[in-house]
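A.B. asks: give me a model of this one.
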Amino acid sequence: MVANSRRFRHELGSVPCFNNFMNRSPHIVVVGSANVDLTTLTDAFPRPGETIFGREFHLGFGGKGANQAVAARLCGARVSMVARVGDDLFGPATIANFRARGVEAEHVWITPGVSSGVAPIFVDAAGQNRILVVKGANDRLLPADVDAAAGLLRSADCLVLQLEIPVETVYHVLRFARRERIRAILNPAPGQPLDLAELAHLDYLIPNESEAEAIGGMPVRNLEEARACAAALVERGVPRVIVTLGANGALSAGADGATHIPAHPVTPVDTTGAGDAFIGSFACFLASGCGEAEAIRRANVYAALSTLAVGTQRSFATAERFEAEWAGRG
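C.D. replies: Below is the predicted model of the structure:
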């Protein structure tokens, strides 16, 4: 397959990014979820039947799709969102937030009679989180909506998807991407078993440990198990797998073998949204001309920076903040 801005070689060497990520911003289209996050900080998680006091509460905009869109936009990409929101108070506010952050929202539709997606999030003193997602209007994003946005999708350098929308919609987009020769990234979150034949249409599958377990059907508790699981997925037809490992960095695997890229060390305050920061920034860096290994290293740094503040989108670094950290690393 010819390497170009849409389908491309998987290069593990250190290929520098172009200045300012290229002479033009890559266009990334995110087909996915938009939620409102309700984040509570607490010293400990309550036991069943127990009521405790939390320390702080924050309400913000989230959803894996929306978070990844905002991260890619902050890193310098042109970003468009394809999504559904409810006809409650959160729906118009979510669209306004996209526009305020520079994310194109012409294909974010309000769905009558349905609530917007919400995500109550609980964060303990160690920065670990527990999240309950109510999908609401996200569950009404259907293949017909993808077809309605086909012109927009064809203009993309990269399509980014997650699993907070119906899986049949995800498969529909992946098949579209393969037909149109558009790079496609799937973040399979929340984790669930998937049809590996459908995953053969993507370019990158990027799960965390638990998501890799759900797809691969084998434990992923350390680097070696991640290596084995990723190799098994590649053997079963997934073109390329990047397993994100939190403080252990990321493992990239394909037919050419596997490479471990260490994390950027920080002391986290809140890890919520770090995976989304990785996905959105990786999509931008890769579509901007970085080789795969450098795009992962950069995304590791960008994700680490997101853990230094509370929340999801509000914790994501600007391009200037990222560049300063990247220049001073190690």
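A.B. asks: C-alpha from now on. contacts and neighbour counts both.
C.D. replies: Noted.
A.B. asks: may I have the helix or strand harbouring residue 234 exported as PDB, CA atoms only?
C.D. replies: Following DSSP states H and E, the helix or strand that holds residue 234 is helix 223-235. In PDB, the C-alpha atoms belonging to helix 223-235 read as follows (Å, rounded to 0.1, in the frame of the first residue of the first chain):
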ATOM      1  CA  LEU A 223       4.800  -5.700  30.400                       C
ATOM      2  CA  GLU A 224       5.500  -9.200  29.400                       C
ATOM      3  CA  GLU A 225       1.800 -10.200  29.500                       C
ATOM      4  CA  ALA A 226       1.000  -7.000  27.400                       C
ATOM      5  CA  ARG A 227       3.600  -8.100  24.900                       C
ATOM      6  CA  ALA A 228       2.100 -11.600  24.700                       C
ATOM      7  CA  CYS A 229      -1.500 -10.300  24.300                       C
ATOM      8  CA  ALA A 230      -0.500  -7.700  21.700                       C
ATOM      9  CA  ALA A 231       1.400 -10.400  19.700                       C
ATOM     10  CA  ALA A 232      -1.700 -12.600  19.800                       C
ATOM     11  CA  LEU A 233      -3.900  -9.800  18.600                       C
ATOM     12  CA  VAL A 234      -1.600  -9.100  15.700                       C
ATOM     13  CA  GLU A 235      -1.400 -12.800  14.900                       C
END
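A.B. asks: quick one: mean pLDDT for the next helix or strand after that helix?
C.D. replies: As assigned by DSSP H and E, the chain's next helix or strand after helix 223-235 is strand 241-244. Strand 241-244 carries an average pLDDT of 98.
A.B. asks: now do stretch 188-195
C.D. replies: 95.
A.B. asks: now tell me what touches the helix-or-strand element of the chain with minimal mean pLDDT from outside.
C.D. replies: Ranking every helix and strand in the chain by mean pLDDT, DSSP states H and E puts strand 129-131 at the bottom, with a mean of 86. Contact with strand 129-131 is made by 119-123, 270-272, as judged by CA atoms under 8 Å, 6 or more residues apart in numbering.
A.B. asks: quick check: buried residues in that strand?
C.D. replies: Buried residues in strand 129-131, counted by 16 or more other CA atoms under 10 Å: residue 129.
A.B. asks: low pLDDT regions in the stretch 1-150 of the chain?
C.D. replies: For the stretch 1-150 of the chain, applying pLDDT under 70 flags the ranges 1-24.
A.B. asks: what ranges do the strands span in it?
C.D. replies: Using DSSP state E, counting those that start in this stretch, the strands of the stretch 1-150 of the chain run over 27-31, 35-41, 56-62, 78-86, 104-111, 117-123, 129-131.
A.B. asks: adding distance to residue 206, write those out as TSV.
C.D. replies: As requested, those are exported to TSV (distance: least, CA to CA, whole Å):
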stretch	distance to residue 206
strand 27-31	15
strand 35-41	21
strand 56-62	19
strand 78-86	19
strand 104-111	24
strand 117-123	22
strand 129-131	19
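A.B. asks: out of these, which comes closest to residue 171?
C.D. replies: Among these, the nearest to residue 171 by CA to CA is strand 27-31 (11.5 Å).
A.B. asks: okay, now the sheet partners of the least confident helix or strand of the chain, with direction.
C.D. replies: When sheet partners are counted by DSSP bridges, strand 129-131 sits next to strand 117-123 (antiparallel).
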